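Colleague: fold the following.
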Amino acid sequence: MTKKGFTLLELVIVIGILAILGAVSVLVLNPAQLLAQARDTTRIEDIGVVRNALALYVSTVSSPDLDGGTNSCATLCYVGASGVAANCGSRHGSKTTTADTTREVDGNGWIPVDLTGIPGGAPLSVLPVDPTNDATYFYSYACDNTAKTFELNANLESTRYSAGGPDDREGADGGNDANIYEVGTAPGLSI
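Modeller: Residues are numbered from 1 along each chain as shown. All right, here's what the predicted structure looks like:
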């Protein structure tokens, strides 16, 4: 009579091989970097959607107002996170940070532009905020109401999309800061 089954040695060898494959997978895939890349992808998409909404607003509203009627474009930058350092974390020169964590698109959110004035309604239901949304990773907005230009910024965290990475978005965006992702309509993105 023959017995069918695995010996203890065979099971230990199989478990050892699986452990080695698991360890190699974790080292090769680097889940922390994959999560950082996912957050950066969200940041890139969010900033692009807001840029498109603001560009639509400027091009379709008869008298666009990029600072909510406060004449603050010259002195303020806007963020959707609390605890951000002065000058929007030094992203927008000498402008002073104004933080607002609300997400309304009617001019009362962190971007003071009334997107509901766009013919056909606001293209966004709420203003996006950074996936991390803390003092390091946040979205910022600055404008020039006279020239009707604006700039949106985000800090990217993955080695893939950050300055010098294989898919560098920060250094290749045409902006004046090689370590911040900048988009908008301002020439040189230097607001």
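Colleague: now do the strands in this protein.
Modeller: 76-79, 96-99, 139-144, 149-154, 181-184 (DSSP state E).
Colleague: what packs against the first one?
Modeller: Put plainly, it is strand 76-79. helix 86-90, strand 96-99, strand 139-144 (3 or more CB pairs under 8 Å, 6 or more residues apart in numbering; DSSP states H and E). Using the backbone N, CA and C atoms, a C-beta is placed for each residue, glycine as well.
Colleague: select the longest helix from this protein.
Modeller: helix 31-60 (DSSP state H).
Colleague: buried sites along the lowest-mean-pLDDT helix or strand in the chain?
Modeller: The helix or strand of the chain with the lowest confidence, counting by mean pLDDT, DSSP states H and E, is helix 86-90 at a mean of 83. Residues of helix 86-90 classed as buried: 88-89 (neighbour count, 16 or more other CB atoms under 10 Å).
Colleague: so how far is that helix from its chain's centroid?
Modeller: 16 Å (CA atoms, centre = their mean, to the nearest Å).
Colleague: from here on, count from 20
Modeller: Sure thing, new numbering starts at 20, so read that last one as helix 105-109.
Colleague: got a list of contacts for it?
Modeller: Here helix 105-109 makes contact (CB atoms under 8 Å, 6 or more residues apart in numbering) with 96-98, 112-116, 154-155, 157, 159, 161, 172, 174.
Colleague: let's see that with 7 Å instead.
Modeller: 96, 98, 112-116, 159 (CB atoms under 7 Å, 6 or more residues apart in numbering).
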